[in-house]
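*Asks:* Sequence plus predicted model, see below.
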Amino acid sequence: MDYRLPSLTMATTIEQAIKDLQAGKMVVVVDDAGRENEADLVMAAAKVSPPAINFMITQARGLVCLALTAERAAALALPLMTPDNSSKFKTNFTVSIEAAQGISTGISAEDRSRTIAAAINPRAKPEDLARPGHVFPLVSHEHGVLGRPGHTEAAVDLMRLAGLAEAGVICEILDDEGRSARGQDLKSFAATHRLTLISVEDVRRHRLATEALAKRLTTTSLPTTFGLFNLLLYKDVITGQEHLALTLGDVTATDVLCRVHSRCVTGDVFGSRRCDCQQQLHAAMTSVQQTGRGIILYLDQEGRGIGLTKKIAAYALQDQGVDTVEANQQLGHQPDERHYWIAASILKDLGVRSIELLTNNPQKVNELVACGLAVMRRPLAIEQTPDNSRYLRTKKEKLGHWL
């Protein structure tokens with residue numbers, strides 16, 4: 001099946017949000033339903049004004065906060081509010097602030113606007129701010145939404161994407177009863193005030209699709225049973241994990257045969273019959289060799305992303321009768337914790353324009369398409385054995401694999 005026409009809805013909405021922020025408008029940013037499950041008004045700190053602050057406190061009704069980079073907070077000598085952050089979502093509040101000059105009590109919309117302007121002034125010094133005050137700075141994770149999927153990080157990332165000072169003013173949206181607004185209430189709020197509505201996940205996916213997140217470290221040749229491959233070592237600039245790419249022939253053309261393979265020491269190295277990993281890897285390398293060009297990506301994702309220690313623990317649970325999905329869940333993990341944006345980043349570095357993906361996993365296809373790659377799927381036919389039949393059945397029934 002051909003997956004060449006990914007939806008442009010997410011990209012279009014993000015671009016509109018960026019334009020709105022550049023124009024001094026606010027946007028509504030929705031959190032993940034499984035996290036805080038709420039939404040914030042977000043605007044550029046560089047564009048803030050007394051009327052904007054007044055809109056936030058009268059229409060959104062939440063706490064007005066100032067999202068900053070760690071570097072900016074350090075330059076202003078803003079320590080965290082507490083050294084022992086025990087809050088549920090680990091939001092990095094610093095001590096609250098006030099402009100040291102030019103304000104009255106600090107609580108008015110005009111005073112808070114002036115405090116924000118003082119804090120983001122590139123020439124500001126720590127003594128230009130009084131502590132405590134009525135504006136609450138928040139420190140973003142160094143990797144933004146890729147490191148922590150919060151509104152703080154979304155605000156800072158959006159300002160960077162908009163080419164503005166990396167500081168955003170955010171305020172949670174409450175409903176008429178004083179509860180966090182959700183669902184249709186948020187859509188109605190955005191529509192009433194003609195505000196673009198996006199999600200933290202939209203920001204994350206935009207970054208994954210547009211940024212170079214894989215750093216090429218070294219290249220060499222690798223003679224194998226399946227032919228002579230080029231071997232490239234990559235490092236994930238976010239996690240620090242190392243991944244391999246094996247290429248054969250010219251891979252800069254279209255419809256390049258490709259296998260995205262997750263490391264499986266027990267299967268790939270020792271030939272474990274619990275899974276079909278070695279069979280898939282060998283079949284993919286054979287196909288690439290017969291085709292004369294292609295790519296094998298070997299990702300550091302042992303045990304569907306839970307690591308070797310937990311994977312072996314999952315084996316022990318399977319010996320007691322549970323399946324591979326249930327074992328992961330009993331260990332406190334999702335059935336599949338892998339993501340494939342790093343694969344997309346490596347493929348883009350290799351100059352790949354479109355791929356013919358050897359896979360039975362819809363998640364791989366969906367994520368690579370979301371990252372901007374054109375994907376045509378080629379199924380991998382693997383022989384079922386008495387040892388792996390339950391494993392393959394579980395992948396089909398519980399993980400949705402095409403088997």
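*Replies:* On my side now, so go ahead. Numbers count the residues shown, from 1 in each chain.
*Asks:* ok, Asn388 - contacts?
*Replies:* Asn388 sits next to 273-276 when contact means C-beta atoms under 8 Å, 6 or more residues apart in numbering. Any C-beta I mention is one placed from the backbone N, CA and C, and that applies to glycine too.
*Asks:* Can you add pLDDT, secondary structure and distance to Asp40 and give these back as CSV?
*Replies:* Putting those into CSV (pLDDT from 0 to 100; DSSP: H, G, I helix; E, B strand; the rest coil; distance: C-beta to C-beta, whole Å) gives the following:
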residue, pLDDT, secondary structure, distance to Asp40
Arg273, 90, coil, 51
Arg274, 90, coil, 46
Cys275, 90, coil, 43
Asp276, 90, coil, 45
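*Asks:* now the residue in the chain sticking out farthest from the centre, what's its secondary structure?
*Replies:* Residue farthest from the centre of the chain, counting by C-alpha atoms, centre = their mean, is Ser104 at 41.7 Å. Of the three states, Ser104 takes coil under DSSP: H, G, I helix; E, B strand; the rest coil.
*Asks:* Is it correct that it is in contact with Thr115?
*Replies:* No. Assessed by C-beta atoms under 8 Å, Ser104 is found out of contact with Thr115, at 11.5 Å.
*Asks:* just for the stretch 1-150 of the chain, where's the confidence low?
*Replies:* Where the stretch 1-150 of the chain drops to pLDDT under 70, the residues are 1-12, 33-37.
*Asks:* re earlier: name the residues contacting each of Ser104 and Thr115.
*Replies:* Common neighbours of Ser104 and Thr115 (criterion: C-beta under 8 Å, 6+ apart): none identified.
*Asks:* Does Ala46 touch Ala167 like I think?
*Replies:* Yes. Ala46 is within contact range of Ala167, at 7.1 Å (criterion: C-beta under 8 Å).
*Asks:* Show me how the protein divides into domains.
*Replies:* The chain breaks down into these domains under automatic domain parsing: 2-208, 212-301+338-398.
*Asks:* would you list every one of the strands in the stretch 301-403 of the chain?
*Replies:* For the stretch 301-403 of the chain, applying DSSP state E, counting those that start in this stretch gives strands covering 354-358, 374-378.
*Asks:* Run a quick neighbour tally on the nearest residue to Gln330 once chain neighbours are set aside.
*Replies:* Leaving aside its sequence neighbours, Gln330 sits nearest to Leu317 (C-beta to C-beta, 6 or more residues apart in numbering; 5.8 Å). By other C-beta atoms under 10 Å, 17 other residues sit near Leu317.
*Asks:* so Met285 sits in a strand?
*Replies:* No. Using three-state DSSP, the secondary structure at Met285 is helix, not a strand.
*Asks:* List the contacts of the residue farthest from the centre of the chain.
*Replies:* If you count contacts by C-beta under 8 Å, 6+ apart, Ser104 has them with Asp111.
*Asks:* Where among the strands of the stretch 301-403 of the chain is average confidence lowest?
*Replies:* If the strands of the stretch 301-403 of the chain are sorted by mean pLDDT, strand 374-378 sits at the bottom with a mean of 89.
*Asks:* so how far is Ser272 from the nearest residue to Gly303 once chain neighbours are set aside?
*Replies:* Setting aside the residues directly before and after it, Gly303 is nearest to Lys311 in space (C-beta to C-beta, 6+ apart), at 3.0 Å. For Lys311, the distance to Ser272 equals 11 Å [C-beta to C-beta, to the nearest Å].
*Asks:* Please enumerate the shared neighbours of those two.
*Replies:* Thr266.
*Asks:* Look at the two and report which has more neighbours.
*Replies:* More crowded of Lys311 and Ser272, by other C-beta under 10 Å: Lys311, with 20 against 17.
*Asks:* these two touch, right, the more buried one and Glu302?
*Replies:* Yes. Using C-beta under 8 Å, Lys311 is in contact with Glu302, at 5.8 Å.
*Asks:* Now do the helices for the stretch 151-300 of the chain: every range, in order, please.
*Replies:* Assignment of helices within the stretch 151-300 of the chain using DSSP state H, counting those that start in this stretch yields the ranges 151-161, 183-192, 200-210, 277-291.
*Asks:* And these: which comes nearest Tyr340?
*Replies:* Tyr340 lies closest to helix 200-210 among these, at 9.4 Å (C-beta to C-beta).
*Asks:* Now that closest one: buried residues?
*Replies:* 200, 202-209 (16 or more other C-beta atoms under 10 Å).
*Asks:* Could you identify the most distant pair in the residues you listed?
*Replies:* Among the buried residues of helix 200-210, Val200 and Ala209 lie farthest apart (C-beta to C-beta), at 15.1 Å.
*Asks:* I'd like the contacts of Asn388 as a markdown table, with neighbour count and distance to Ser140 appended.
*Replies:* Output for the contacts of Asn388, formatted as a markdown table (neighbours: other C-beta atoms under 10 Å; distance: C-beta to C-beta, whole Å):
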| residue | neighbour count | distance to Ser140 |
| --- | --- | --- |
| Arg273 | 15 | 47 |
| Arg274 | 15 | 42 |
| Cys275 | 19 | 40 |
| Asp276 | 24 | 42 |
